[in-house]
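>>> Below is the sequence, then the predicted model.
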Amino acid sequence: MTTKVERAADPSAIVQGGPPQTAAWTDPVQTDQTVDAMYRQYIPHVGEEVDEWPLWSAGDVEYIQQGGGLVARTSSPNTSVMRRSNFRQFGAGDTLAMPPELRDRWFRAVTQRSYAGVTGDKYWSRIGTYDPTCLPGFTRLAGGGGLDAYTVPAARLAGGKELLPNRSLAGYLNTPPVILTTLQGAQWLADSRRFAGAPGEAFISAVRVRVRGIDGPTTASERRLARAAASIHEATGLAVDIVRGSSTRDVSIRLAAGDFGRPAVEIAEGWSVKGVAITFSSAVSTQNLALFALALLAAFVLVATTGYIAARRRHAEFGLLRALGWPSWRIGGLVASEMGWLGLTVGFVTVVVTLVGGLLLRAPVAAPLLAATLPIAIGVALAASAPAALAVARNTTIAQIERPTSVRRSHRLRSAWELGLVDMLRTWRIEALAAAGIIALGAALLASLVLVVVAFRGELDSTVLGVDLAGRVRPFHFVLAALTVAIASLGAGQVVSLSYLERRPQLAVLRALGWSRTDLGAMIAAQVVVIACVALVLSTSLVFAAATLTSASAEATWTALGASLAAVLMSSIIAASLPVVQVYAGTVIAALREE
């Protein structure tokens with residue numbers, strides 16, 4: 001408050017003691033009080049004076065896209081909305097009594113609803129004191145209490161500072177409410193006969209409804225929420241907004257400079273994102289299903305490679321059976337039945353281990369998954385036996401007894417590397433391609449995992465709940481990726497080992513003629529290098545395809561490519577170590593004696 005003091009034209013009255021009524025005057029006392037204390041001192045006097053004030057309502061902030069971001073729209077202040085037709089401030093003339101912040105740029109439209117007084121003057125009655133700490137609210141994951149009766153709005157500025165509301169109704173952040181009333185009280189204030197432009201009967205903006213029986217972001221919970229929302233809409237005609245599973249997400253917004261020195265600022269404001277838990281649950285479920293499918297595919301490739309190699313190692317035995325009169329389909333059936341029994345055994349062991357692990361860890365075991373274990377194991381084994389069974393059934397008796405090789409014009413081989421490449425490309429190209437495929441599969445799975453983890457950390461969704469869920473799914477995915485990489489390493493190692501074992505008698509002759517174990521290791525290394533190069537090309541293509549489909553950032557893509565390269569190198573080293581160990585463990589005499 002500003003008081004103007006003027007010099008008196010005739011100070012004699014004050015010098016002589018002044019009029020009699022000044023005798024009881026006392027010296028002024030200066031005190032410091034907070035706004036909260038002044039408000040609490042005013043509360044007991046509520047209702048002593050007639051309230052002729054109108055109601056003001058603030059609209060919503062509008063945003064425009066500018067420069068790749070959001071900018072809050074502003075307008076010139078319209079202070080005429082603060083004029084009151086039924087009140088004139090004593091001694092102030094036509095000066096409007098309003099906070100000075102209202103003369104700054106407006107972010108919201110302000111509407112006045114003047115009091116008509118059709119039922120007489122209005123007086124307020126105090127029936128209690130509002131304590132916001134007594135109201136229940138949401139957790140921080142769901143927005144920090146965004147649907148409570150009131151929470152102080154705030155926006156973060158650069159440097160950790162906060163932008164808080166001011167006294168302007170048209171400011172960017174909402175001002176605190178001045179009334180917390182009952183449903184009947186709100187209906188009285190919304191009566192259009194008392195306040196011009198009031199909403200009337202449609203005065204409720206939002207109703208919070210809690211639905212029972214919602215255990216989590218499951219399909220059954222989604223359906224129950226949908227049925228409840230549809231029932232409310234059909235009964236009331238109101239629009240229903242499902243906020244179950246919502247979470248906050250930081251949005252960057254630019255605010256234009258004010259007219260009184262406030263600089264242009266950029267704030268980070270928490271906006272509510274609906275259905276985050278349901279979205280993440282669906283994404284995690286789909287992702288888990290895809291990872292399980294990839295793990296089954298890797299197991300299929302490993303079992304198929306193992307069965308094919310075992311059948312190739314027994315080609316002499318199968319040739320003898322063909323010579324004794326066995327038909328080709330019977331030999332193929334023999335291979336398939338052996339693989340089927342293997343799948344049955346593995347499935348039974350898996351069921352037993354799952355039950356024992358569930359009892360020891362006191363973890364629930366899903367009955368449908370347990371029931372599907374045996375069929376899946378047998379199905380994978382039978383499907384994996386198809387390549388070996390077909391290869392055995394199609395070969396002739398001579399081909400079964402002696403492995404044929406194509407006769408080509410030969411040229412002089414100058415190194416063990418060249419011998420390994422020629423032998424693989426002429427004789428083992430199908431097996432080598434299978435080895436490259438399984439290594440690429442494991443590397444691509446690990447790279448996809450990196451893409452998914454990066455996406456959960458902010459690229460697909462940056463909500464608080466999303467980051468929280470991301471931290472829960474990573475260990476499980478890494479276990480699956482490590483398992484697949486190990487399977488790929490074993491499968492590729494079997495293929496390279498088969499190439500060595502099939503040529504072991506010939507390589508023993510070379511050893512007897514002066515070749516060293518290092519030369520044989522170089523031959524195996526050449527084969528592994530080619531397999532690794534093919535696997536790297538395949539895995540890189542898969543990573544780029546996954547990055548394109550998920551719109552991953554460049555940083556995430558390069559990180560995934562690095563993980564893919566590391567997985568290919570690791571699998572190749574493990575694949576090469578298996579036959580190299582056999583090279584250094586075996587002797588020339590043992591190999592020639594086997595021949």
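Cool, got the structure.

>>> Going by C-alpha atoms from here, please, whenever you check contacts or count neighbours.
OK.

>>> after the lowest-mean-pLDDT helix or strand in the chain, next one along is what?
When each helix and strand of the chain is scored by mean pLDDT, DSSP states H and E, helix 397-401 comes last, with a mean of 52. With elements assigned by DSSP states H and E, the helix or strand that comes after helix 397-401 is helix 416-427.

>>> buried sites along that next one?
Buried residues in helix 416-427, counting neighbours by 16 or more other C-alpha atoms under 10 Å, are found at 416-422, 424.

>>> got the buried residues for the next helix or strand after that helix?
Using DSSP H and E, the next helix or strand after helix 416-427 towards the C-terminus is helix 429-454. Neighbour-count burial for helix 429-454 flags 431-454 (criterion: 16+ other C-alpha under 10 Å).

>>> Report the secondary structure element holding I378.
Per DSSP H and E, I378 falls inside helix 367-394.

>>> Ok, P153 next?
P153 belongs to no helix or strand when elements are defined using DSSP H and E.

>>> And it, how far from L163?
Per C-alpha to C-alpha, to the nearest Å, P153 is found 9 Å from L163.

>>> circling back: format the buried residues of helix 416-427 as JSON lines; extra columns: pLDDT and distance to I309.
What follows is the buried residues of helix 416-427, written out as JSON lines (pLDDT from 0 to 100; distance: C-alpha to C-alpha, whole Å):
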{"residue": "A416", "pLDDT": "73", "distance to I309": "24"}
{"residue": "W417", "pLDDT": "75", "distance to I309": "23"}
{"residue": "E418", "pLDDT": "78", "distance to I309": "24"}
{"residue": "L419", "pLDDT": "75", "distance to I309": "22"}
{"residue": "G420", "pLDDT": "73", "distance to I309": "19"}
{"residue": "L421", "pLDDT": "77", "distance to I309": "20"}
{"residue": "V422", "pLDDT": "78", "distance to I309": "20"}
{"residue": "M424", "pLDDT": "76", "distance to I309": "15"}
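
>>> could the residues you listed be laid out in CSV, adding distance to S541?
Rendered in CSV, the data for the buried residues of helix 416-427 read as follows (distance: C-alpha to C-alpha, whole Å):
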residue, distance to S541
A416, 31
W417, 28
E418, 28
L419, 30
G420, 27
L421, 24
V422, 27
M424, 24
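
>>> Which member of those is positioned nearest V346?
M424 (32.6 Å; C-alpha to C-alpha).

>>> List the contacts of that closest one.
By C-alpha atoms under 8 Å, 6 or more residues apart in numbering, the residues touching M424 are 432, 499, 527.

>>> nearest residue to the first one other than its sequence neighbours?
Read it as A432. Spatially, and ignoring its direct neighbours in sequence, A432 is nearest to I531 (6.3 Å; C-alpha to C-alpha, 6 or more residues apart in numbering).

>>> surely that neighbour meets E431?
No. At 10.0 Å, I531 does not count as touching E431 under the criterion of C-alpha atoms under 8 Å.

>>> can you give me phi and psi for the residue nearest to F195 when sequence neighbours are not counted?
Computed as C-alpha to C-alpha, 6+ apart, the closest residue to F195 that is not its neighbour in sequence is Y115, at 4.8 Å. Main-chain dihedrals, Y115, degrees, to the nearest 10: phi -90, psi 130.

>>> Contacts only, for Y115.
52-55, 194-196.

>>> Which ones among these map onto helices?
Counting by DSSP state H, the contacts of Y115 place none of their members in helices.

>>> Can you tell me which of these is nearest E266?
L55 (31.8 Å).

>>> if I look at that closest one, how far off is K122?
For L55, the distance to K122 - C-alpha to C-alpha - is 13 Å.

>>> now do W53
Counting by C-alpha to C-alpha, the gap from W53 to K122 is 10 Å.

>>> again with E317
106 Å.

>>> how about the nearest residue to W341, chain neighbours excluded?
Here the residue nearest W341, using C-alpha to C-alpha, 6+ apart, is I378, at 7.8 Å.

>>> just checking, the one you found touches T350?
No. Using C-alpha under 8 Å, I378 is not in contact with T350; the gap is 12.0 Å.

>>> With neighbour numbers in mind, choose between these two.
I378 (20 against 16; other C-alpha atoms under 10 Å).

>>> Could you list the low-pLDDT ranges of the stretch 301-450 of the chain?
Along the stretch 301-450 of the chain, segments meeting pLDDT under 70 span 394-414.
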